[in-house]
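> Curious how this folds, go ahead:
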Amino acid sequence: MLCGGVGAARFLSGLLQVVEAADVTAVVNTADDVVLHGLHISPDLDTVTYTLAGATDAERGWGLAGETWQAMEGIRRYGGIDWFNLGDRDLATHMYRTQRLSEGATLATITREITRAWGLGLVVLPVTEDRLRTMVTVVDEGEIGFQEYFVGRQHSVEVTGVRFDGAADATAGPGVLDALHEADVVVIAPSNPIVSIGPLLAVPGVRDAVVAARSRTVAVSPIVGGAALKGPADRMLRELGHESSVVGVARLYAPLAATLIIDEADAGSAEAVEAEGIRCVATSTIMSEPGVAAALARTALSEGAR
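Just a heads-up that it's a prediction; the model follows:
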């Protein structure tokens, strides 16, 4: 499964209800990573880990439940960088990751250590261990880092361009290409196609591996009724010249996937989706109710095995 953050994590939680964890590999975006306060932070890796461990704060949808914020209060007192909130419990993960990196451990090794510590049985792979950063060009400011756009500006500024810094020189992480080549089914998660899935595909070899697996690849649309359920995917698609609809998603994914799963609310667009050269299946994709994620996972597996 190709994964971004929250949407991918929710889908994975359903997938693990219908597939043995040992048979699941999640290839996760690392282009959102950022270094703050001297700590290496990997938001998507941590969102996947915390969600699957049942430890995520349900109200926020990110971070850990039961958080306190004393460290951030101290940072504010000193006038430090405070636009990116790090909870006291969450800090332990970033401190451990940074320590292990300083000792020479690789990001893949550290990710394996962290997921095992949380009792997870699936394989979670960083898409690359090399530096990869999403850079966003916004109106009136120029190019800024993704976290500055997403968190610092609350993704409220217009985007005119996206670039994946370091992608050309990056190497796919250990196990990533093998997982794609050997998978019975490849799923593109309901994540932002531009800044969550886009960076994965920008790593040399990854797009080619997905294209080679197209006949058994299924994508899940993150757009429902023309809007994103969470985050700026709909606005970003429009701002970058794409259509913010399941048809627009189909145009992006038709070269990569044989099937696009859309929400039943968009069932009327199924014919237009298939006109883009990709099979369309309409079902419930809004994973806010128990059982929906598992049912969606069953549909994706069934389609990928056709």
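> OK, contacts around residue 304?
Applying C-beta atoms under 8 Å, 6 or more residues apart in numbering to residue 304 gives the contacts 184, 185, 186, 187, 216, 217, 218, 259. For glycine as for every other residue, the C-beta is placed from the backbone atoms N, C-alpha and C.
> among the residues you listed, who's most crowded?
residue 187 (29 neighbours; other C-beta atoms under 10 Å).
> Helix or strand: which one has that one?
strand 186-188 (DSSP states H and E).
> That strand - contacts with which helices or strands?
Counting contacts by 3 or more C-beta pairs under 8 Å, 6 or more residues apart in numbering; DSSP states H and E, strand 186-188 packs against strand 2-3, strand 217-220, helix 292-304.
> so which of the ones you listed gets nearest residue 69?
strand 2-3 (27.4 Å; C-beta to C-beta).
> next structured bit after the closest one?
Heading C-terminal from strand 2-3 (DSSP H and E), you reach helix 6-18.
> Please state the offset of the strand holding residue 187 from the chain centre?
12 Å (C-alpha atoms, centre = their mean, to the nearest Å).
> same check, this time on stretch 271-278
25 Å.
> Mind listing what's buried along that stretch?
Within stretch 271-278, the residues scored as buried using 16 or more other C-beta atoms under 10 Å are 273, 276, 278.
> Name the SS class of the second one, please.
The three-state label given to residue 276 by DSSP: H, G, I helix; E, B strand; the rest coil is coil.
> contacting residues for the residue nearest to it when sequence neighbours are not counted?
Leaving aside its sequence neighbours, residue 276 sits nearest to residue 250 (C-beta to C-beta, 6 or more residues apart in numbering; 4.1 Å). By C-beta under 8 Å, 6+ apart, residue 250 lies in contact with 260, 272, 273, 276, 278, 280.
> so residue 250 is in which element?
Assigned by DSSP H and E, residue 250 falls in helix 246-253.
> Restricting to C-alpha, output that helix in CSV.
C-alpha atoms of helix 246-253 as CSV (Å, rounded to 0.1, in the frame of the first residue of the first chain):
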residue,chain,number,x,y,z
VAL,A,246,-13.3,11.7,-9.0
VAL,A,247,-12.8,12.3,-12.7
GLY,A,248,-9.8,14.5,-12.0
VAL,A,249,-8.4,11.8,-9.7
ALA,A,250,-9.0,9.2,-12.4
ARG,A,251,-6.9,11.2,-14.9
LEU,A,252,-4.0,11.2,-12.4
TYR,A,253,-4.3,7.5,-11.6
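> Partner strands of the helix or strand of the chain with the lowest mean pLDDT, with direction?
Lowest by mean pLDDT, DSSP states H and E among the helices and strands of the chain is strand 227-228, with a mean of 91. Counting by DSSP bridges, the strands paired with strand 227-228 are strand 223-224 (antiparallel).
> and the strand it pairs with, how far from the chain's centre?
16 Å.
> just stretch 265-273 next, same as before
With C-alpha atoms, centre = their mean, you get 25 Å for stretch 265-273.
> Skipping its backbone neighbours, what lies nearest residue 95 in space?
Counting by C-beta to C-beta, 6+ apart, residue 95 lies nearest to residue 39, which is 6.4 Å off, once chain neighbours are set aside.
> How about the contacts made by the one you found?
Taking C-beta under 8 Å, 6+ apart, we find residue 39 in contact with 86, 91, 94, 95, 97, 98.
> that older thread, what is the subsequent helix or strand relative to the helix holding residue 250?
Next along the chain from helix 246-253, counting by DSSP H and E, comes strand 259-263.
> Show residues contacting that following strand.
By C-beta under 8 Å, 6+ apart, strand 259-263 touches 217-221, 224-225, 246, 249-250, 253-254, 269-270, 273, 278-286, 296, 299-300, 303-304, 306.
> Could I get the full set of helices for the chain?
6-18, 43-52, 70-78, 88-102, 107-117, 146-147, 176-182, 198-202, 206-212, 233-239, 246-253, 270-274, 292-304 (DSSP state H).
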